[in-house]
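# Below is the sequence, then the predicted model.
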Amino acid sequence: MSIEVSNNETDHRYEIHVDGALAGFAEYRLRPDALVFTHTQVLDAYEGQGLGGKLARGALDDVRARGVRIRPLCPFIAAYIDRHPAYQDLVADRSEDAPQQR
């Protein structure tokens, strides 16, 4: 079985393919300061095979290689980061959103 994770920049999502067939995706929005993960889904035919974790790891590894920060609004990606704290450094600091006091 061949598994590949790739960034589909046109559709703004990371995709996982199994033997060339789409098995799931993690959607994102681009923001000036971060890539915002909004939704992750593994297609029904591929559930229970650990592909969600492989998708999250592949996406986060690519984000790290590109030097981008993230905002994990997607509960799946947020939970993955909680279980794998080595990715915590990718999360943009929420305090960066706070208005600056003078």
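Ah, there it is.

# Neighbours of the closest residue to V68 other than its chain neighbours, how many?
Sequence neighbours aside, L35 is the residue nearest to V68 in space, at 5.3 Å (criterion: Cβ to Cβ, 6 or more residues apart in numbering). The way it works is simple: take the backbone N, C-alpha and C, and place the C-beta from them, glycine included. By other Cβ atoms under 10 Å, the residues close to L35 number 22.

# beta partners of L35?
L30, I70 (DSSP bridges).

# isn't A56 right up against P75?
No. A56 lies out of contact with P75 (Cβ atoms under 8 Å); the separation is 11.6 Å.

# Could you measure from G24 over to F76?
10 Å (Cβ to Cβ, to the nearest Å).

# Please enumerate the shared neighbours of those two.
Common neighbours of G24 and F76, using Cβ atoms under 8 Å, 6 or more residues apart in numbering, are T40, G52.

# quick one: which of these two has more around it?
Neighbour totals were compared for G24 and F76, and G24 leads with 23 against 18 (other Cβ under 10 Å).

# and that one, what is it in contact with?
Going by Cβ under 8 Å, 6+ apart, the list of residues near G24 reads E15, I16, T40, Q41, V42, L43, Y46, L51, G52, L55.

# measure the fifth one to R66 for me?
In this view, V42 and R66 are 24 Å apart by Cβ to Cβ.
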